[in-house]
Every structure is written in structure tokens, then in C-alpha cells.
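> when you get a sec, could you give me coordinates for this:
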Amino acid sequence: MNKAEVLKEIIEQRRSIFPKDYTDTEITQAVIDEILHSATLAPNHKRTKPWRFKIFKGEEKAKLASEMQAIYKATQPEQLFLEKKYNDIGFKINKANVVVSIVVNFSGMVPEWEEIAATSMAVQNMYLTCTANSIGCYWSSPKIVDFLKESLTIEENQKCLGLFYMGNLG
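Got it, this is the predicted structure:
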């Protein structure tokens with residue numbers, strides 16, 4: 001197969017695959033590094049490299065799950081609180097092998113939309129690299145990520161665009 005055919009196949013196979021379909025097999029650090037390296041190859045105007053990623057594995061990931069559940073509980077009016085959603089937040093994070101926070105850093109050098117677009121292209125590169133490595137993944141952007149400012153050490157000129165879940169497939 002030539003490069004164009006391989007690329008076409010990877011693009012056609014790219015899907016959002018959710019944590020319920022992940023196995024318990026660990027993603028190797030080499031593959032995680034490859035996925036993140038591919039993200040840094042995304043085009044970006046004036047080389048601002050606006051993406052910021054934080055990896056959550058093991059104990060840090062478990063803390064993230066608890067924090068997200070606590071944020072959901074604290075921000076939902078009692079009559080709108082759903083136990084199923086609360087449990088689902090924890091399940092998805094804990095079932096994923098790796099969770100990556102997606103943060104855009106606004107440099108002030110280019111329009112904000114360009115830096116959001118560049119960060120989105122970085123995530124697309126992650127999706128494609130996951131697909132090429134038979135890693136399930138998806139990008140989730142629940143409103144409650146806005147409350148992760150402190151744990152992600154998000155600065156004034158930054159915004160969390162969501163979480164990227166990854167896990168091996170059976």
C-alpha cells in the first residue's frame with residue numbers, strides 16, 4: 001500500500017470510541033509519546049504552539065475522576081442531579097487507560113479562533129495516531145471542565161477545551 005492509501009484507510013477508520021469498549025491493557029509509554037508527538041506537528045500560525053496537554057494515569061487519573069464527580073455534584077441544582085450521570089463521569093475516567101486534558105493557550109499574537117483551530121488539529125493528529133495504533137479514543141467537552149482551572153493550573157490566557165480519553169481495544 002502506498003502512503004496515500006494508508007492515510008485514506010486511517011482517516012476512514014477514525015472514530016470516537018468510548019471507554020466502555022476499552023480493555024484493561026495498558027497503553028505503553030512509547031505509544032503515548034508517539035500520540036502526543038503527532039499532536040505537536042499540527043500547523044499553527046506564527047508557531048505559537050497553542051496546545052497544552054496534561055496526562056492523567058494511575059492515581060492522578062483516579063483523583064481527576066473524583067474531582068469531576070465532586071464538581072458535577074456541586075454545580076447541579078438538586079432537582080437536576082442525576083446519580084447515573086455522576087456514576088458515569090467516574091466510570092469513563094477510571095475505565096480509560098489515559099486521560100489527557102486539552103487546553104488552548106492564547107498568545108495574543110493571532111486571533112483566538114486560529115489557536116483553537118490549531119489545538120483542534122493537534123487533537124485530530126492524536127485521533128489519527130490512536131487509530132493507527134488500534135487505540136480507542138474520544139474527545140469530550142463537558143461544561144464542568146471549566147471548573148478544572150486549579151487542578152490543571154490554567155492561566156488567565158488559557159481555556160480547557162475538554163478531555164481526551166484513550167484505551168486499548170480488545
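
> for this protein, longest strand please?
For the chain, the strand with the greatest residue count under DSSP state E is strand 158-168.

> where along this protein do the helices fall?
When secondary structure is read from DSSP state H, the chain shows helices at 3-13, 29-39, 58-75, 83-95, 112-132.

> so which of these comes closest to residue 152?
Among the helices of the chain, the nearest to residue 152 by Cβ to Cβ is helix 58-75 (9.4 Å). For every residue, glycine as well, the C-beta is placed using N, CA and C.

> what about this structure, any weak spots by pLDDT?
Using pLDDT under 70 as the threshold, the predicted model of the chain has no low-confidence range.

> try 90
Applying pLDDT under 90 to the predicted model, the residue ranges of the chain that meet it are 1, 148-153, 170.

> one step back: relative to helix 83-95, how tilted is the longest strand of the chain?
Here strand 158-168 runs at an angle of 70 degrees relative to helix 83-95 (axes from the mean of the first three to the mean of the last three Cα atoms, to 10 degrees).

> what's strand 158-168 packed up against?
In terms of contacts (3 or more Cβ pairs under 8 Å, 6 or more residues apart in numbering; DSSP states H and E), strand 158-168 is packed against helix 83-95, strand 98-105, helix 112-132, strand 135-140.

> partners of it in the sheet?
When pairing is defined by DSSP bridges, strand 158-168 lines up against strand 98-105 (antiparallel), strand 135-140 (antiparallel).

> distance to residue 42 and mean neighbour count added to those, as JSON lines?
Written out in JSON lines, the entries for the strands paired with strand 158-168 read as follows (distance: least, Cβ to Cβ, whole Å; neighbours: other Cβ atoms under 10 Å):
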{"stretch": "strand 98-105", "distance to residue 42": "12", "mean neighbour count": "22"}
{"stretch": "strand 135-140", "distance to residue 42": "14", "mean neighbour count": "22"}
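
> what would those look like in TSV with distance to residue 60?
Formatted as TSV, the entries for those read as follows, by distance: least, Cβ to Cβ, whole Å:
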stretch	distance to residue 60
strand 98-105	9
strand 135-140	18
